[in-house]
Structure formats: C-alpha cells, structure tokens
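Next come a sequence and a model predicted from it.
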Amino acid sequence: MSIRMLAIALFMTASEAWSASAPVAIIQPANFEATSDPVAKEKGGLLVMLLEGNANKESERQIARFHADLGDAAFAERLAKSFACIGADAVSDACTPAIPLTGNSAQALVELSKLEHKRVLVVRLHPMKTDFRIRMRAVVNDANVNADGLKPVRVFTAVYETRVPADLEKAGKSDPAAVAAWWSEGSPTRLQREVDKGIEELRQMLSLLDREVPADNSVPAGWAELPNMDALKEAGRIKCGGGGCRTQKVLRDSGSRVWLTTPYAQGAYLYGWSIASLDDNASKKYANLLLNIQTSNP
C-alpha cells in the first residue's frame, strides 16, 4: 500500500470509529497566565504543569507577532468553531461549542471541573510567526473529569508549518519588504489563506490522533509499519539530522506537503504522539520534529 493510501485508510478508520465527540476547551497563551496559587498548583498536579509548562519568552514574542501580522479579530471565533469538531468528519454547527479558557490554570481547573461530561480535550494553541515562517502548534491534554477535578490520561500534539521559499528567505535577510510582500500577496492574503488551511489541518491531525492513540499511549495500530523518511530524503524533499529523525515516519504525502509523525516528543507527559504538517519549504529547511514541536525555532 502506498504512503498516501495508507494514510487515507488510517484517517477513514478514525472517522468511522468515532461515536461521540468529547467537549473541547481551548487555551490561547495571549489570554492565559500561569497561576501563582500554590494550593491550586498542588491540586491541579500534572495538568497544571501541562497547561503552563510548554511556553517560553521567544514563543510569546512569536505569538504576539502572529496576531499583529494577521490582524484578524475573528481568529479565535473561527478556531473555536473548527476545534469544536475535533473527531467529526467535517466542521458543522452540530458540534458541541468549544469552551474558551481565560485567566489562569487555577480558574481553568475550576471551570472544567463543573462539566457534566466525564472527558474533556483541553487544547493549548501556540500560533507563532517570524519573518520566514508560521508555525501553529496545538497540544491536547485528554483528561477525565471527576470529583477531584481532572485526571490527565493522554497528551498528543499537532503542528502546521509554512515557510517562505529558500531563495526568498536568503534575499529577505537584506530585503525584509520582499518577504512581507510574499505573506501579504492576494485577497485574502497568503498569510490568511495559510492560517485557514492550518486550522483545518490541525483539526484533522488532532482528530486522527484522538482516535488512533490508545489510552495507554502505546503505538497506534498499523503505525509501526509506516515508511520512514529515507525515500523523501533521497529525493531531496526532506532535511533532517539528529537522533529524533530515526523515529520519524511518513503518515501522508500530498506532493507539496507531508505529514510526519513521531512518538512521545519530549516524553509522554509533555507532547506525546505528534504529527506535523510541513510544506516543501519547511521540510527542506529542517524536519526534526523533536525541535519543531518543542521549540520556537528553527
């Protein structure tokens, strides 16, 4: 079976197996701060660490840059509508509305503990931008809701990245206006188009992970047989170095964008099983998912 057909089969299996979507709660760092309440930290335990522990100052700068350059007041609304349908075949008004979480982790734990459902997907989104690329990272904490609050069960991550062409990146170091013009080309702009595509691909990747990753975080069925990146490396479509590259598999190849997957990026309790969607410019620049997922660079 080809890479593309195997990926389609996996995704169709995930969609057909889905029975009822868990409620989705969304955290965006621009509206969320770490709690200073030691009691709340102790009660929240692992979940508080997960909610607060995967951002840094460089990420915060790139998140601010993303929103400033995008200039889209409706971004959060469009994101909530799409992510509410994680696990569904398509985005529709029938999906249970997503819960926006603001304030801090102590307030989030209180709000989530009020849910009548026994399970919730808490999505923490980092939409980041530099001169040369956008990277949208969504980390999901799958947790059970009980009388004591939330008990994390799984964590999984999806990343969407688009990068300017290599020749423009090289020229743009001395001519930043040319790079800015590339992002602003068209109506809607290239940046807006890429963000919209990114939101939908993130939803698809998270839906696949939600259905395929077992409760014990073991290898999803069939994923061990996925091909490695050797063929793409030989074709010059991927550049990857470092130990993490040896664990990466090709989940989907559309010809201009690849989905790569890797187990337990930075440990099961931080990013978990992960999928990254990279366009050709990004994959040729650097495709080590352990770095693309856990950092703001390269």
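Done, it's in. Numbers count the residues shown, from 1 in each chain.

CA atoms for contacts and neighbours, from now on please.
OK.

Helix or strand next in line after the least confident helix or strand in the chain by mean pLDDT, which one?
When the helices and strands of the chain are scored by mean pLDDT, DSSP states H and E, helix 3-17 comes last with a mean of 40. Heading C-terminal from helix 3-17, the first helix or strand you meet, by DSSP states H and E, is strand 24-33.

buried residues in the helix or strand just after that next one?
Downstream of strand 24-33, the first helix or strand assigned by DSSP H and E is helix 38-44. Residues 40-41, 44 are the ones in helix 38-44 that count as buried (16 or more other C-alpha atoms under 10 Å).

now do stretch 254-267
257-265.

Ok, stretch 185-194 next?
191-192, 194.

same thing with stretch 24-35?
24-29, 32-35.

Kindly report the same for stretch 240-255.
240, 244-245, 248-253.

farthest pair in those residues?
The span of the buried residues of stretch 240-255, defined through C-alpha to C-alpha, is set by Gly244 and Asp253 at 19.8 Å.

re the thing from before, which one of the buried residues of stretch 185-194 is nearest Gly87?
For the buried residues of stretch 185-194, the nearest to Gly87 is Glu194 (21.9 Å; C-alpha to C-alpha).

Return the list of helices and strands in contact with the helix or strand containing Gln192.
Here Gln192 sits within helix 190-212, counting by DSSP H and E. For helix 190-212, the packing partners by 3 or more C-alpha pairs under 8 Å, 6 or more residues apart in numbering; DSSP states H and E come out as helix 3-17, helix 75-83, strand 133-146, strand 149-163, helix 176-184, strand 273-279.

What residues sit buried inside the helix or strand that comes right after it?
Next along the chain after helix 190-212, taking DSSP H and E as the criterion, comes helix 230-234. Neighbour-count burial for helix 230-234 flags Leu232 (criterion: 16+ other C-alpha under 10 Å).

returning to that earlier point: now the buried residues of stretch 240-255 in a markdown table, with distance to Ser82?
Below are the buried residues of stretch 240-255 laid out as a markdown table (distance: C-alpha to C-alpha, whole Å):
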| residue | distance to Ser82 |
| --- | --- |
| Cys240 | 31 |
| Gly244 | 31 |
| Cys245 | 31 |
| Gln248 | 27 |
| Lys249 | 27 |
| Val250 | 25 |
| Leu251 | 22 |
| Arg252 | 21 |
| Asp253 | 23 |
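
quick one: which of the residues you listed is nearest Asn297?
Cys240 (14.1 Å).

What distance do you get for Lys284 to Arg257?
11 Å (C-alpha to C-alpha, to the nearest Å).

Leu202 now?
Counting by C-alpha to C-alpha, the gap from Leu202 to Arg257 is 14 Å.

Val122 too?
Counting by C-alpha to C-alpha, the gap from Val122 to Arg257 is 27 Å.

How about Lys173?
Distance of Lys173 to Arg257, given as C-alpha to C-alpha: 25 Å.
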